[in-house]
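Visitor: the following comprises the amino acid sequence and a computationally predicted model.
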Amino acid sequence: MAIIVGNPTVEGKGFIAYSLMHEKKMKMKIRIMALRHLLMFSIALNVGLLFNMYPNALAIFDFKNTSLKLPFYSAPKALDQVIDLDHGDPMVYEKYWRQMGDKTTVVIPGWKFVSYFSNKKSLCWFLEPEFAYAVDRLHKLVGNADTEDHYLVVGTGSTQLFQAVLYAASPPNQTEPISVVASPPFYSSYRLITEYLKSGLYEWAGNANEFKKDKPYVEIVTSPNNPDGLLREAVVNKNGGIVVHDLAYYWPQYTPITYPADHDIMLFTVSKCTGHAGTRLGWALVKDEKIAKKMTEFIMLSTIGVSKESQIRGAKILQVIADSHEKRDKFKKIEPFFEHSYKFMAMRWNDLEDVVDQNKLFTLPNFGPARKCNFSGHIFAPQPAFAWLKCEGEVKDCEGFLRKHKILTRGGTQFGSSAKYVRASVLSRDDVFDQFTERLSSIN
């Protein structure tokens with residue numbers, strides 16, 4: 001740096017400026033060196049800690065191409081991990097749909113579905129024709145429901161359709177709410193949904209076996225039943241009643257298809273048929289035109305129809321399922337959907353029944369003799385989406401007992417049954433189900 005020559009005062013200022021700048025540079029160098037040493041020390045410390053915890057951690061690096069291999073390490077199964085089997089979240093289907101790749105991909109242009117209407121002349125005017133066709137095709141393929149002489153009403157899952165049925169079944173100008181009943185153990189949400197709005201149109205009246213009123217009623221029949229997987233029929237059988245058949249699980253991976261259901265009102269849902277619970281899509285097959293119109297009216301008033309995007313995606317998925325059975329040459333390395341689903345449900349129930357047989361603390365329902373499935377030809381007993389476990393012996397609160405072992409289930413009292421029972425989902429991912437059976441076998 002040049003030194004200023006000339007006026008002594010100016011020259012002095014230049015020297016002082018030079019000295020200050022030199023001092024700042026030295027301080028900066030010292031600070032940088034200190035930070036470098038601190039960084040190297042931190043890296044060394046963390047690397048040492050890493051290799052103490054995971055001796056094989058070096059194997060994740062491939063120095064030939066300097067790439068990082070994942071997963072970082074194979075985590076051992078946590079014996080103290082909470083296993084949540086309370087909800088019927090159908091994650092078991094995820095692996096199959098990943099194998100499908102882009103076969104179910106749907107591309108929707110931005111200009112499409114601007115209108116509320118799908119077909120203004122149709123009874124259910126927000127029903128997409130593609131979805132209606134896919135539903136009809138799948139039922140005809142499987143043979144589990146007669147679609148002839150039925151109106152198709154689409155809903156945001158079977159939950160909304162159930163609410164629509166209650167609205168449609170309520171007589172006009174009634175002086176008291178219509179009774180809603182089901183035979184226990186019944187699906188726990190029926191009571192919650194019925195009571196939620198505190199409607200003056202309908203009320204929960206409990207056990208169908210104990211219903212004695214000579215007045216209009218709605219009986220819900222779930223077959224195969226949630227939670228126990230058994231086949232059910234109506235029990236009230238009185239004049240003035242409306243029977244709603246919830247057939248969410250009447251598919252060939254859960255139970256043999258022995259006849260095409262032909263009831264007045266039948267409810268189905270994508271979530272349990274295909275595993276796409278997040279699509280929030282269901283449908284009803286309804287014989288009575290007036291009931292179908294009132295159901296459509298309820299959905300119009302509550303949500304102004306049903307998402308067209310969900311319907312198009314649902315249609316695509318149902319079409320791919322049908323194609324996987326009818327056009328197998330296009331799915332060379334992938335099994336037909338219901339065949340694949342039947343096999344993994346069979347394996348899960350074999351594993352679960354083996355564990356329960358060896359551990360005398362629990363029992364499962366007796367599903368009766370195996371029957372031949374008209375769709376697949378397989379001869380088997382029901383293999384439901386849920387395990388209806390009973391705690392034997394002195395255990396009175398099965399849900400609380402399993403919670404102590406960090407297994408979350410839904411207690412029997414929520415299904416109108418005994419606290420000695422619980423419902424546990426069989427539709428979790430493989431690792432969760434494996435931990436469940438292992439932990440169940442270790443309880444004594």
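Guide: Structure received.

Visitor: count the residues that sit near Ser199.
Guide: The local packing of Ser199 (other C-beta atoms under 10 Å) involves 15 other residues. C-beta: built from backbone N, CA, C; applies to glycine.

Visitor: what sits against the spatially most central residue of the chain?
Guide: Taking C-alpha atoms, centre = their mean, the centroid of the chain lies closest to Asp89, which sits 2.8 Å from it. Asp89 makes contacts with Ala277, Ser425, Leu427, Ser428, as judged by C-beta atoms under 8 Å, 6 or more residues apart in numbering.

Visitor: could you dump these to a markdown table with secondary structure, neighbour count and pLDDT?
Guide: Compiled in a markdown table, the contacts of Asp89 are given as follows (DSSP: H, G, I helix; E, B strand; the rest coil; neighbours: other C-beta atoms under 10 Å; pLDDT from 0 to 100):
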| residue | secondary structure | neighbour count | pLDDT |
| --- | --- | --- | --- |
| Ala277 | helix | 19 | 96 |
| Ser425 | strand | 24 | 98 |
| Leu427 | coil | 24 | 98 |
| Ser428 | coil | 22 | 97 |
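
Visitor: could you work out the most separated pair of those residues?
Guide: Of all pairs drawn from the contacts of Asp89, the greatest distance, 12.6 Å, lies between Ala277 and Ser428 (C-beta to C-beta).

Visitor: how long is stretch 173-192 end to end?
Guide: Length of stretch 173-192, first residue to last, C-alpha to C-alpha, to the nearest Å: 25 Å.

Visitor: tell me the mean pLDDT for it?
Guide: Averaged over stretch 173-192, pLDDT sits at 95.

Visitor: ok now it, how far from the chain's centre?
Guide: Here stretch 173-192 is found 24 Å from its chain centre; the criterion is C-alpha atoms, centre = their mean, to the nearest Å.

Visitor: ditto for stretch 361-377
Guide: On C-alpha atoms, centre = their mean, the centre of stretch 361-377 falls 23 Å from that of its chain.

Visitor: residues making contact with it?
Guide: The contact list for stretch 361-377 (C-beta under 8 Å, 6+ apart) reads 141-144, 228-230, 252, 256-259, 338-339, 342, 352-353, 356, 378-382, 387-393, 395, 440, 443-444.

Visitor: host element of Pro227?
Guide: Pro227 belongs to no helix or strand when elements are defined using DSSP states H and E.

Visitor: could you give the number of residues near it?
Guide: Neighbour tally, Pro227, other C-beta under 10 Å: 29.

Visitor: ok, it touching Thr413?
Guide: No: applying C-beta atoms under 8 Å as the test, Pro227 and Thr413 come out as separate, 12.0 Å apart.

Visitor: list the buried residues of stretch 431-444.
Guide: For stretch 431-444, a neighbour-count test (16 or more other C-beta atoms under 10 Å) marks Val432, Phe433, Gln435, Phe436, Arg439, Leu440 as buried.

Visitor: now, these that are in helices?
Guide: Judged by DSSP state H, those include Val432, Phe433, Gln435, Phe436, Arg439, Leu440 as members of helices.

Visitor: find the nearest non-adjacent residue to the first one, please.
Guide: What it means is Val432. Ile83 (6.1 Å; C-beta to C-beta, 6 or more residues apart in numbering).

Visitor: coming back round to it: the residue nearest to the centre of the chain and Arg313, how far apart?
Guide: According to C-beta to C-beta, to the nearest Å, Asp89 and Arg313 sit 18 Å apart.

Visitor: can you check Val235 too?
Guide: According to C-beta to C-beta, Val235 and Arg313 sit 38 Å apart.

Visitor: same check on Val180?
Guide: Applying C-beta to C-beta, one obtains 32 Å for the distance of Val180 from Arg313.

Visitor: how about Glu335?
Guide: In this view, Glu335 and Arg313 are 22 Å apart by C-beta to C-beta.

Visitor: okay, those two: which has more neighbours?
Guide: Remark: of Glu335 and Arg313, Arg313 carries more neighbours, 20 against 16, as counted by other C-beta under 10 Å.

Visitor: helix, strand or coil for the more buried one?
Guide: Of the three states, Arg313 takes helix under DSSP: H, G, I helix; E, B strand; the rest coil.

Visitor: again with the one 3 residues further on
Guide: Using three-state DSSP as the criterion, the local structure at Lys316 reads helix.

Visitor: neighbours around it, how many?
Guide: By other C-beta under 10 Å, 17 other residues sit near Lys316.

Visitor: tell me who's in contact with it.
Guide: Lys316 touches Thr104, Thr105, Val106, Ala134, counting by C-beta under 8 Å, 6+ apart.

Visitor: please tell me I have it right and Val236 contacts Lys213.
Guide: No: Val236 is beyond contact range of Lys213, at 9.6 Å (criterion: C-beta under 8 Å).

Visitor: what about those two, which has more around it?
Guide: Val236 (20 against 12).

Visitor: for the more buried one, phi and psi?
Guide: phi -80, psi -60 (degrees, to the nearest 10).

Visitor: quick one: residues contacting it.
Guide: Applying C-beta under 8 Å, 6+ apart, we find Val236 in contact with Val181, Ala208, Phe211, Tyr217, Glu219.

Visitor: repeat that for 6 Å
Guide: Applying C-beta atoms under 6 Å, 6 or more residues apart in numbering, one finds that Val236 lies in contact with Ala208, Phe211, Glu219.

Visitor: after the host helix or strand of the last one, heading C-terminal, what element do we hit next?
Guide: Right, the one you point to is Glu219. Using DSSP H and E, Glu219 sits in strand 217-222. Following strand 217-222 in sequence order, the next helix or strand is strand 241-246 (DSSP H and E).

Visitor: tell me the strands beside that following strand, with direction?
Guide: strand 217-222 (parallel), strand 265-269 (parallel) (DSSP bridges).

Visitor: closest to Phe117 out of those strands?
Guide: Taking the strands paired with strand 241-246 one by one with C-beta to C-beta, strand 265-269 is closest: 23.6 Å.

Visitor: how about residues contacting that closest one?
Guide: Taking C-beta under 6 Å, 6+ apart as the rule, strand 265-269 contacts 145, 157-158, 161, 244-248, 282-286.

Visitor: between those, which sits nearest Lys121?
Guide: Lys121 has its nearest neighbour among the contacts of strand 265-269 in Val286, at 18.0 Å by C-beta to C-beta.

Visitor: quick one: the closest one and Tyr151 touch, right?
Guide: Yes: if you go by C-beta atoms under 6 Å, Val286 and Tyr151 touch, sitting 4.8 Å apart.
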